[in-house]
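Participant: What follows is a predicted protein model with its sequence.
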Amino acid sequence: MALSCVIIFSLALIVRLLYWQDASAEIARGDSTIQALAATYRDEAKRMLEQKRVLFPRDPIDPGDARPIVHPPAYSVLMAAMTMLFGDPDKPLRITQVVLAAAGAVIVVLIAAELLPFAIAVMAGLIVALSPHLAYYSIFLSPDSLTVLPILIAVYLIARAAKRPHIMTVVAAGLSLGLSCWLRSNALLLMLFLSLAVLLSFKKGTRLRYSLALTGSALLVIMPLTIRNLIVYGHFIPISVGAGLNLMEGIAEYDYQGRFDLPVVDPDVLSKEVEWHGRPDYGASLYFPDGIERDRDRLARAATVVRSNPGWFTGVMLRRMLFMLRYNDFRFRNPIANAPTAPAVSASPGFGHDIGVPIDVRPVWSRWMTDASTSFVAAEASVSRDLLARRLEIAADGSELGDQFISEPISLDKATDYILTIQIKQAEGALVAKVRTEDPRIVLATTRIAAKNRKGRNDSDVDDGDANSLDRCQLQFATANATEVRIAIANNRLTAADRASLDHPFVQLGRADLFRIGATPYAWTRYARSVIRGIQKNLYKTEWMWLLISAGIVLLAVARRRRALFLLLAVPIYYLTVHSAVHTEYRYILAIHCFLPVLAATALYSVASLTLAALRRQSTTDEHR
């Protein structure tokens, strides 16, 4: 057991570190979702450090300012502690998340070992250790991956108490569930589902007492947050606000025809509330002023839609359940919600140097984009060249995520880090710049082109050769096995404002420079990467995982392993039923995918056992002959 846990922890840690390495350039730029989610937690951590308070602020809070209770405080507390210890909290916080996420794979082994044969536990731990989703989200600066570990610990303690009854073990499980709610409020009602699992699977005489102990201890941990909200805001708010916003946006994201006239993203919510309430000051923040009252108004509007359209809303919940259970396939895309795919580990290490261009490095390739040859232009797009002003203008076709312009091939070296800079003279709309290979499926780098309006500038007042006078977009990439790349301009995912605009996106490009930074570091990791990537590409597919999970449920039911079924399905059923009613991102429901692998491992174990038994019978028959 100890050796297996060490191996699985090491494997899980390696996989997560490889994902961190793949995202290192994106993290360094600080303009990605991986980093952006931390903004609100940073603000609250700063407030805690300044006031030296966690729950109760030193200065009275405006009761209309609900921003401090948008999220539970534990992640901000952790960020504040990292800031005190290390100055910059990002790297130590990410190390903590990666290590604890890897420990989660070990807890899965311990849970499965309490309920099922040891071989199944090891298989389940390996599936969790290699999971693309669990590894990918562990490098996000958000509490989502940390929330999973207390839930796993709680279920392990419950499984342990089922075999070796002790009231304090169940109390500890409840405390762990409460801790999860201090990180994210998503698990608020999970205690009820696990208490029901205790009632159904524990022996008579203890089940009711243990079930109440689990719920009571969890509520005890959550209670300080509820009391704080009652004292400071004068409202009963168990943990945090936001239920109204999530329910309303959750309805709108599936209202493709716009029948209910509800906003689907936060900026649209602000615009709508200015219109609904006639309050221009509502356009600045979702939760200030009148944050609690506004969220309750959102809840009331959304509830009206649910009551009036119960059949439609039930269909939405079913589709969202399927969304939560999907893995890495590319046939299903919710056009608004985050897609349920997570990238596999890259086959080769990514860009591994500092993201800035060193002063002493000269470009190995330079070209005014007006002089660059074109290998592709979208049918509905247009490209014009102003040779005097040295401007290449690309007018996009208004489609979503389609390449609009692709340059001539640029030769370069294998296994080398490069930085490409492109001057942006004017830009409007949702566009991205990409470095892609001849294979359209392989994109080495991508970055959003920020809107830049210079219509008021005199066209003659351009390029005197001073690159610093112009804005640039910068792309860092590692070539891996590529020997040539192309510069591409593509449409980005459109926002509501983009769709409402009659103007198609466009960009004017100046000079492009390519800098050779050096050989890509950690090239030796490609051997481990190839093995891990192969497993991730072939195992974590929706249809394959559904087959294994369904087979595992049937096998446990036939074998009458009731306790194992109840404890393994309690968490997935909770998220599928409760969270399917509201706006849900995949990172909110990661805990599901720590328990379903145990069921998949049960099916794999059974197939392996039957195969070995058949081989033994065949061998015995041959010997008798």
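Facilitator: Arrived safely. Residues are numbered from 1 along each chain as shown.
Participant: pLDDT below threshold where in this structure?
Facilitator: For the chain, the stretches with pLDDT under 70 are 31-33, 330-339, 398, 400, 452-470, 493-503.
Participant: all strands in it, in order from the N-terminus.
Facilitator: 365-368, 374-377, 382-386, 391-395, 403-407, 410-411, 416-428, 431-436, 443-449, 471-478, 484-491, 506-519 (DSSP state E).
Participant: Give the buried residues for the second one.
Facilitator: By neighbour count, with 16 or more other C-beta atoms under 10 Å as the criterion, the buried positions of strand 374-377 are residue 377. For glycine as for every other residue, the C-beta is placed from the backbone atoms N, C-alpha and C.
Participant: Could you list the residues in contact with it?
Facilitator: 383, 403, 404, 405, 406, 407, 408, 409, 486 (C-beta atoms under 8 Å, 6 or more residues apart in numbering).
Participant: What's opposite the fifth one in the beta bridge?
Facilitator: What it means is residue 406. residue 376, residue 488 (DSSP bridges).
Participant: which ones are touching it?
Facilitator: 374, 375, 376, 377, 436, 486, 487, 488.
Participant: Would you mind putting these into a markdown table with distance to residue 75 alongside?
Facilitator: Output for the contacts of residue 406, formatted as a markdown table (distance: C-beta to C-beta, whole Å):
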| residue | distance to residue 75 |
| --- | --- |
| 374 | 48 |
| 375 | 46 |
| 376 | 45 |
| 377 | 46 |
| 436 | 36 |
| 486 | 41 |
| 487 | 39 |
| 488 | 37 |
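Participant: right, and residue 29 touches residue 351 too?
Facilitator: No. Using C-beta atoms under 8 Å, residue 29 is not in contact with residue 351, being 10.5 Å away.
Participant: residues shared between the contacts of these two?
Facilitator: residue 476.
Participant: of the two, who's got more company?
Facilitator: Per other C-beta atoms under 10 Å, whichever of residue 29 and residue 351 has more neighbours is residue 351, with 26 against 15.
Participant: Domains of this protein: list them as residue ranges, please.
Facilitator: Domain ranges of the chain: 2-234+562-574, 365-521, per automatic domain parsing.
Participant: Need the winner for burial among those domains.
Facilitator: domain 2-234+562-574 (a mean of 20; mean count of other C-beta atoms under 10 Å).
Participant: Reformat the domains of the chain as JSON lines; add distance to residue 556.
Facilitator: Listed next are those as JSON lines, based on distance: least, C-beta to C-beta, whole Å:
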{"stretch": "domain 2-234+562-574", "distance to residue 556": "5"}
{"stretch": "domain 365-521", "distance to residue 556": "39"}
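Participant: Let me know which of those domains is the nearest to residue 272.
Facilitator: Residue 272 sits nearest to domain 365-521 of all those, at 10.7 Å, using C-beta to C-beta.
Participant: first to last residue in that closest one, what's the distance?
Facilitator: Counting by C-alpha to C-alpha, to the nearest Å, you get 22 Å between the two ends of domain 365-521.
Participant: can you check stretch 176-193 too?
Facilitator: Start-to-end, stretch 176-193 (C-alpha to C-alpha) is 15 Å.
Participant: what's in contact with that stretch?
Facilitator: So stretch 176-193 is contacted by 71-75, 143-144, 146-147, 150-151, 153-154, 157, 174, 194, 214-215, 217-222, 225, 238-240, 242, 570-571, 573-575, 578-579, 588-589, 591 (C-beta under 8 Å, 6+ apart).
Participant: and if you look at stretch 43-50?
Facilitator: 54, 57, 68, 71, 73, 76, 77, 79, 80, 83, 84, 89.
Participant: now do 7 Å
Facilitator: Contact with stretch 43-50 is made by 54, 68, 73, 76, 77, 79, 80, 83, 84, as judged by C-beta atoms under 7 Å, 6 or more residues apart in numbering.
Participant: do the same with stretch 527-539
Facilitator: 14, 15, 18, 130, 132, 344, 345, 346, 347, 348.
Participant: Give the buried residues for that stretch.
Facilitator: So stretch 527-539, judged by 16+ other C-beta under 10 Å, has buried residues 529, 532, 533, 535, 536, 539.
Participant: Pick out whichever of the residues you listed sits closest to residue 368.
Facilitator: Nearest member of the buried residues of stretch 527-539 to residue 368, counting by C-beta to C-beta, is residue 529, at 37.8 Å.
Participant: And stretch 137-149, how far out from the chain middle?
Facilitator: Offset of stretch 137-149 from its chain centre (C-alpha atoms, centre = their mean, to the nearest Å): 9 Å.
Participant: ok, residue 63 - contacts?
Facilitator: Residues in contact with residue 63, defined by C-beta under 7 Å, 6+ apart, are 233, 234.
Participant: now do 6 Å
Facilitator: Each residue near residue 63 by C-beta atoms under 6 Å, 6 or more residues apart in numbering is listed here: residue 233.
Participant: separation between it and residue 286?
Facilitator: Taking C-beta to C-beta, to the nearest Å as the measure, residue 63 falls 16 Å from residue 286.
Participant: And residue 207, by the same measure?
Facilitator: For residue 207, the distance to residue 286 - C-beta to C-beta - is 43 Å.
Participant: try residue 436
Facilitator: 37 Å.
Participant: likewise residue 571?
Facilitator: Distance from residue 571 to residue 286, by C-beta to C-beta: 30 Å.
Participant: which one's the longest helix in this structure?
Facilitator: Taking DSSP state H as the criterion, the chain has its longest helix at helix 592-624.
Participant: Measure how far it is from the centre of its chain, please.
Facilitator: 34 Å.
Participant: now for that helix, which elements pack on it?
Facilitator: Packed against helix 592-624 by the contact rule (3 or more C-beta pairs under 6 Å, 6 or more residues apart in numbering; DSSP states H and E) you find helix 118-130, helix 542-558, helix 562-578.
Participant: Show me what counts as buried in that helix.
Facilitator: Buried, per 16+ other C-beta under 10 Å, within helix 592-624: 592-606.
Participant: rewinding a little: and the helices and strands packed on helix 592-624 as TSV, adding distance to residue 229?
Facilitator: As requested, those are arranged in TSV below (distance: least, C-beta to C-beta, whole Å):
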stretch	distance to residue 229
helix 118-130	35
helix 542-558	38
helix 562-578	21
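Participant: Ok, which of the ones you listed comes nearest residue 261?
Facilitator: helix 562-578 (26.4 Å).
Participant: before we move on, back to that, so which of the domains of the chain is nearest residue 551?
Facilitator: Closest among the domains of the chain, once you apply C-beta to C-beta, is domain 2-234+562-574, at 12.8 Å.
Participant: start to end distance for that closest one?
Facilitator: Domain 2-234+562-574 end-to-end distance (C-alpha to C-alpha) = 31 Å.
Participant: Can you say which of the helices and strands packed on helix 592-624 is nearest to residue 317?
Facilitator: Nearest of the helices and strands packed on helix 592-624 (C-beta to C-beta): helix 562-578, 8.2 Å.
Participant: ok, and what's touching the closest one?
Facilitator: 115-116, 159, 162, 189-190, 193-194, 197, 200-201, 321, 556, 589, 591-592, 595, 598.
Participant: Same check on stretch 73-89?
Facilitator: 41, 44, 45, 48, 49, 54, 92, 93, 143, 182, 183.
Participant: Which ones among those lie within helices?
Facilitator: Among those, the members that lie in helices (by DSSP H) are 41, 44, 45, 48, 49, 92, 93, 182, 183.
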